[in-house]
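Participant: predicted model and sequence follow; I will ask about them next.
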Amino acid sequence: MNRPGLASRGGQHATAQLGATRADFTGRIATAIVVVVILMRLAILFPAIAIDAPGASLRHVVADTKARSWLILKSFFIVLLPVLAGLLAVGLISDLDDLPSWWPAARTTFDSPLELLATVLAAATASRLYGWIGHQVKGVPV
C-alpha cells in the first residue's frame, strides 16, 4: 500500500537537513572571518613584543587598531596576493592526474620557498603596520 504522506515527509526532512547544513556552513564562515579580523588586529603586537616596546599590551593594540581593520586586512592581502597565487598554481597542478613521478619533489621545491616568502612578507607587513599605526603600543602618548 502506497501512502502519499510518507514521501512528502521524507522530502521535508531532507530540506530541513540541507538548511541545517547551510546554517552550519554559514556559522563556520562567520567564525573564520571574526578570527581573521581579530588576528589581523593583533599583528602589531608581535613587533612591539620583539623590540620590548613600553606599551606592548592587548589594550593598547585594540586602541591603536580601532577602525583600521580594513587597512590591516588590505595591507596583508596586497602583499601576500602574489605568493598565494603561486601556491594556488602549484596546488592546482598537483590535482592533475598524469603527473610524472618527480612531481612531489618539484612541488616541495616550489612550496617551501613560497611559504618562507609568505612568512617573511607577513612579518615585514606587521612591522610596517606597527610603525604606521602603533602609537600607544610604542608608548607614544596620544
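Facilitator: Yep, that arrived. Numbers count the residues shown, from 1 in each chain.
Participant: would you put the C-alpha positions of stretch 113-121 in CSV?
Facilitator: Taking C-alpha atoms only, stretch 113-121 is exported to CSV below (Å, rounded to 0.1, in the frame of the first residue of the first chain):
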residue,chain,number,x,y,z
PRO,A,113,60.4,28.9,-0.7
LEU,A,114,56.9,30.3,-1.3
GLU,A,115,55.9,29.5,2.3
LEU,A,116,59.1,31.1,3.6
LEU,A,117,58.5,34.1,1.4
ALA,A,118,54.9,34.4,2.8
THR,A,119,56.2,34.3,6.3
VAL,A,120,58.8,37.0,5.7
LEU,A,121,56.3,39.2,3.9
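Participant: buried ones in stretch 24-43, by neighbour count?
Facilitator: 40-41, 43 (16 or more other CB atoms under 10 Å). For glycine as for every other residue, the C-beta is placed from the backbone atoms N, C-alpha and C.
Participant: what's the closest non-adjacent residue to the most centrally placed residue in the chain?
Facilitator: Closest residue to the average C-alpha location of the chain: Val36 at 5.2 Å, with CA atoms, centre = their mean. Among residues not flanking Val36 along the chain, Leu73 sits closest, at 7.6 Å (CB to CB, 6 or more residues apart in numbering).
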